[in-house]
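Participant: Give me coordinates for this.
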Amino acid sequence: LTHLVEHFNALANWATSSICTQMRLARRVSAVTNLITLCEKSMARNNFFGCRAIVSGLRNSALFRMKKTFTAVSEPANASLTSLDQELSHRDNFKLYRNLVRECAPPFIPYLGCVSRDLVFMRDGLPDQTEVGALNLNKITRMSEAMFDFLRGCSSGPLSISGDDQVQLAICSLSTMTEQELHDMSRVAEP
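Facilitator: Next comes the predicted model:
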């Protein structure tokens with residue numbers, strides 16, 4: 001679980017960094033557009049985890065202040081980003097995302113934030129024992145169901161995806177920047 005959270009954060013940070021480190025407006029716009037395209041392709045392949053991570057990176061406060069960059073991004077690309085953000089939003093207890101998952105045929109890569117929120121809510125909100133002191137099987141059942149729903153998309157059998165050593169090496173060697181470094185870079189790129 002911790003590894004998945006770290007991977008999500010690294011992917012989001014990479015998306016933000018890949019824009020903040022571009023000093024020319026045209027390159028920043030190109031980077032934003034390419035990342036939106038990557039999100040669209042991730043959604044088309046039911047990779048909700050990767051899409052949400054990149055959208056989170058694109059919604060980072062270091063980028064939010066870069067008005068010139070996002071104004072220069074095409075209207076269809078900005079509309080697509082808004083749509084993706086809404087589909088994977090936590091609003092209404094992830095209502096739109098839950099509908100996507102419900103209608104989605106495996107395999108898919110689920111967004112961890114939704115299930116972890118459910119598990120924390122159940123862990124903290126439901127008693128460990130019943131009123132008579134017995135183990136609360138309802139709590140255990142509900143938590144198990146949440147995990148099985150999460151794993152349903154991941155466990156449809158082996159995937160026929162061939163690895164690309166160069167891409168995997170690039171992903172593993174992603175360098176991350178602190179929030180302060182991201183903000184400093186965004187101020188340099190777009191004062």
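Participant: Is the residue with the largest distance to the centre of the chain in a helix, a strand, or coil?
Facilitator: Within the chain, residue 132 marks the point farthest from the mean C-alpha position, 41.8 Å out by Cα atoms, centre = their mean. The local conformation at residue 132, judged by DSSP: H, G, I helix; E, B strand; the rest coil, is coil.
Participant: Show me the helices in the protein, by range?
Facilitator: Assigned helices in the chain, in chain order: 2-20, 25-44, 48-58, 61-64, 67-72, 75-87, 91-103, 112-125, 137-152, 165-172, 179-189 (criterion: DSSP state H).
Participant: Compare those and say which comes out lowest on pLDDT.
Facilitator: Per-stretch mean pLDDT for the helices of the chain is lowest at helix 165-172 (a mean of 69).
Participant: Any figure for the gap between the closest residue to residue 104 other than its chain neighbours and residue 166?
Facilitator: Nearest residue to residue 104, sequence neighbours excluded (Cβ to Cβ, 6 or more residues apart in numbering): residue 46, at 5.5 Å. All C-beta atoms are positioned from the backbone trio N, CA, C, and that covers glycine. Residue 46 is 24 Å from residue 166, where distance means Cβ to Cβ, to the nearest Å.
Participant: Equivalent analysis for residue 52, please.
Facilitator: Residue 52 is 25 Å from residue 166, by Cβ to Cβ.
Participant: How about residue 50?
Facilitator: From residue 50 to residue 166 the distance is 18 Å (Cβ to Cβ).
Participant: quick one: which of the two has more around it?
Facilitator: Regarding residue 50 and residue 166, a neighbour count based on other Cβ atoms under 10 Å identifies residue 50 as having more, with 19 against 8.
Participant: for the closest residue to the more buried one other than its chain neighbours, what are its contacts?
Facilitator: Leaving aside its sequence neighbours, residue 50 sits nearest to residue 42 (Cβ to Cβ, 6+ apart; 4.5 Å). Neighbouring residues of residue 42 by Cβ atoms under 8 Å, 6 or more residues apart in numbering: 48, 50-51, 54.
Participant: and which of the residues you listed is nearest residue 12?
Facilitator: The nearest member of the contacts of residue 42 to residue 12, counting by Cβ to Cβ, is residue 54 at 7.0 Å.
Participant: Can you report how many residues lie near the closest one?
Facilitator: 24.
Participant: Check the gap between it and residue 25 for me.
Facilitator: 21 Å.
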